[in-house]
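Enquirer: Quick check, what structure comes out for this input:
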Amino acid sequence: MRQKELNYLFISFCSLERFIVSIEYNKQKVMNNPIKVLLIGFEESPKAESGMQIELCRITFEKHGFNYDFKGKHIIPSLLDYNVVFVNLPKIGYNSASISYFFAKYNEIPLFLTGGGIIVLICPSEKTYANTIGIGPYSSINTYSFLPFKLNNFNTHGETIEPNLQHPLSTILKKYKVRWECYFNYGNAEHVIGRNMVKLPVSLSIPYSNGYVILMPLFEEDKFVQVLNDLLDIIKKNYFQKNIISSSTQTPLWVNKYQINKEINLIKQFEEIKSELHRYNEIRKILYTTGIELTKAVAYVFSELGFKVIEKEHEGLHDIEAETDKFFSIIEVKGLKGHANVDDLRQLLDHHIEASKQNEDVKGIFILNHYKEDEPSNRKEPFSKDAIRLGTKNEFCMMTTIDLFKIYSQYIEGKIKIETIISRIKETKGPLKNTSI
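Expert: Just a heads-up that it's a prediction; the model follows:
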């Protein structure tokens, strides 16, 4: 899809309103140059107050239609024209289309952060969506895919937060009622804004290059205006140095059109590297996810290995079909806190019986992410003895996601080919014994 068409489609999900808001800052005089702020996914904006001017541009996402105007032109603003960006992720992640378009447009976030920008995310639980417009080489993206680093976040929920009183943003957590839908395993202690009752971070301020990514929990919607005002005040006082904000010359948007050839090549290489790293992050999901997210991750790995892959779970059938010209298999995927027993394999047995009526050579594959909350090297045995007996009797290939990860690593390094992988799966009756294929 051409970039022009991509931008048009993205615009159809947005309505854009630009206006000027003033807030008081430390009872000082109005500065010559405003902090420029972009609000994404918010229904309301801070009211005008006396004091320092702040230029805001609000984007709201709608399911039907659009109505917008930005400087009298039908364009979406560049992040590179702003100092601070607020993103209300629950509002832009209502379906796969909106998050895909958001990710497509805002792939300039790494450059924004490198330039000293600050992005503030209102953080919901992580969800995975189909990549509806073909962003990069991956079949799915998640709520936080647009960030230039991997967030190790885990979905759960709660309402209790212990603010880190050493952090300036902790006053927000003390002042307002909040709830959280995920915790993070990222950053050092000084990056933590607040933790839950078991000391796991649920709010962080993460430095990236010259900028920051600030992760905030969920607030009551009728308090958003006050929250935004307070956040802007704290950010101005603690994150921006005076010489950054009061620069006498603002960089115009049109200057981005003038690029040096070497710069263009570097940006291209950067995007390619970022896309490749995101690809590997998607692969690693087979080691810690469960449910439909795990199924999609396993399907992605098989497609990367060269199989034609179809996800069938939504049809009430086996999870995945993976085939080549000379090989056909059905795959059942499980993510468990412990090992798999015979009941976990019975679903594959039922599906295999039905599939055998259409193709008697169909191979049943059972893939297990066992003890999913433990580091792989510390995990116990994946299958019970009864499960092994059932799998062996029915000539199923039983493997763990750790096995699959090792197979993919060998494949991507050119040590094995798809023919070798197929041959090993075909001949395996029970657990895969050795992943050094």
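Enquirer: Which stretches in the stretch 51-200 of the chain count as helices?
Expert: With DSSP state H, counting those that start in this stretch, the ranges of helices along the stretch 51-200 of the chain come out as 89-92, 96-105, 109-114, 170-175.
Enquirer: Can I get the first one as CSV, trimmed to CA atoms?
Expert: Same thing as helix 89-92. C-alpha atoms of helix 89-92 as CSV (Å, rounded to 0.1, in the frame of the first residue of the first chain):
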residue,chain,number,x,y,z
LEU,A,89,-4.0,4.1,24.7
PRO,A,90,-7.4,2.7,25.8
LYS,A,91,-9.1,5.0,23.3
ILE,A,92,-6.9,4.2,20.3
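Enquirer: from what I can see residue 397 touches residue 425, true?
Expert: Yes: Residue 397 lies in contact with residue 425 (C-beta atoms under 8 Å); the separation is 4.8 Å. Glycine gets a C-beta too; all of them are placed from N, C-alpha and C.
Enquirer: Stretch 389-401: how far from the chain's middle?
Expert: Computed by C-alpha atoms, centre = their mean, to the nearest Å, the chain-centroid distance of stretch 389-401 equals 33 Å.
Enquirer: low pLDDT regions in the protein?
Expert: 1-33, 47-77, 93-107, 129-141, 186-187, 240-256, 314, 316, 435-437 (pLDDT under 70).
Enquirer: how about stretch 210-226 as CSV, C-alpha atoms only?
Expert: Output in CSV follows, covering the C-alpha atoms of stretch 210-226 (Å, rounded to 0.1, in the frame of the first residue of the first chain):
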residue,chain,number,x,y,z
ASN,A,210,17.5,12.3,25.0
GLY,A,211,13.9,11.9,25.8
TYR,A,212,11.5,10.0,28.2
VAL,A,213,8.6,7.5,27.9
ILE,A,214,6.3,8.0,30.9
LEU,A,215,3.9,5.1,31.7
MET,A,216,0.9,6.1,33.8
PRO,A,217,-2.0,4.0,35.1
LEU,A,218,-5.6,4.5,34.3
PHE,A,219,-7.4,7.6,35.7
GLU,A,220,-11.1,8.4,36.0
GLU,A,221,-12.2,9.9,32.7
ASP,A,222,-13.9,12.9,34.3
LYS,A,223,-10.5,13.8,36.0
PHE,A,224,-8.5,13.8,32.8
VAL,A,225,-8.4,17.6,32.4
GLN,A,226,-7.0,18.1,35.9
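Enquirer: in it, what's buried?
Expert: 211-219, 224, 226 (16 or more other C-beta atoms under 10 Å).
Enquirer: Likewise for stretch 87-94?
Expert: For stretch 87-94, a neighbour-count test (16+ other C-beta under 10 Å) marks 87-93 as buried.
Enquirer: likewise stretch 147-163?
Expert: So, applying 16+ other C-beta under 10 Å, buried residues of stretch 147-163: 147-148, 151, 153, 158, 161, 163.
Enquirer: for stretch 273-287, same thing?
Expert: Neighbour counts over stretch 273-287 (16+ other C-beta under 10 Å) mark 274, 278, 282-283, 285-287 as buried.
Enquirer: can you point me to the longest helix in the protein?
Expert: Taking DSSP state H as the assignment, the helix of the chain that covers the most residues is helix 261-284.
Enquirer: downstream neighbour of that one in the secondary structure list?
Expert: Downstream of helix 261-284, the first helix or strand assigned by DSSP states H and E is helix 291-304.
Enquirer: quick one on the thing from earlier: shared neighbours of residue 397 and residue 425, anything?
Expert: Here residue 397 and residue 425 have 363, 365 as joint contacts, going by C-beta atoms under 8 Å, 6 or more residues apart in numbering.
Enquirer: Compare neighbour counts for these two and give me the winner.
Expert: Per other C-beta atoms under 10 Å, whichever of residue 397 and residue 425 has more neighbours is residue 397, with 22 against 18.
Enquirer: Stretch 260-271: how far from the chain's middle?
Expert: Distance of stretch 260-271 from the chain centroid (C-alpha atoms, centre = their mean) equals 25 Å.
Enquirer: Just to check, residue 228 is in contact with residue 86?
Expert: Yes: between residue 228 and residue 86 there is a contact under C-beta under 8 Å: 6.6 Å.
Enquirer: Report the set of residues contacting both of these two.
Expert: Here residue 228 and residue 86 share the contacting residues 39, 42, scored by C-beta under 8 Å, 6+ apart.
Enquirer: For the nearest residue to residue 376 once chain neighbours are set aside, identify the helix or strand it belongs to.
Expert: The shortest distance from residue 376 to any non-neighbouring residue, by C-beta to C-beta, 6 or more residues apart in numbering, is to residue 402 (5.0 Å). Secondary-structure assignment from DSSP H and E places residue 402 in helix 401-412.
Enquirer: Residue 211 reaches residue 115, doesn't it?
Expert: Yes: the pair residue 211 / residue 115 is scored as a contact, 7.1 Å apart, by C-beta under 8 Å.
Enquirer: rewinding a little: point out the ones among the buried residues of stretch 210-226 that are inside helices.
Expert: Those of those lying in helices (DSSP H): 224, 226.
Enquirer: Next step: the buried residues of stretch 210-226 restricted to strands.
Expert: 211-216, 218-219 (DSSP state E).
Enquirer: ok, the residues you listed vs residue 200, which is closest?
Expert: Minimum distance to residue 200 across these is 12.9 Å, recorded for residue 215 (C-beta to C-beta).
Enquirer: Which one of the buried residues of stretch 87-94 is nearest to residue 169?
Expert: When those are ranked by distance to residue 169 (C-beta to C-beta), residue 87 comes first, at 16.0 Å.
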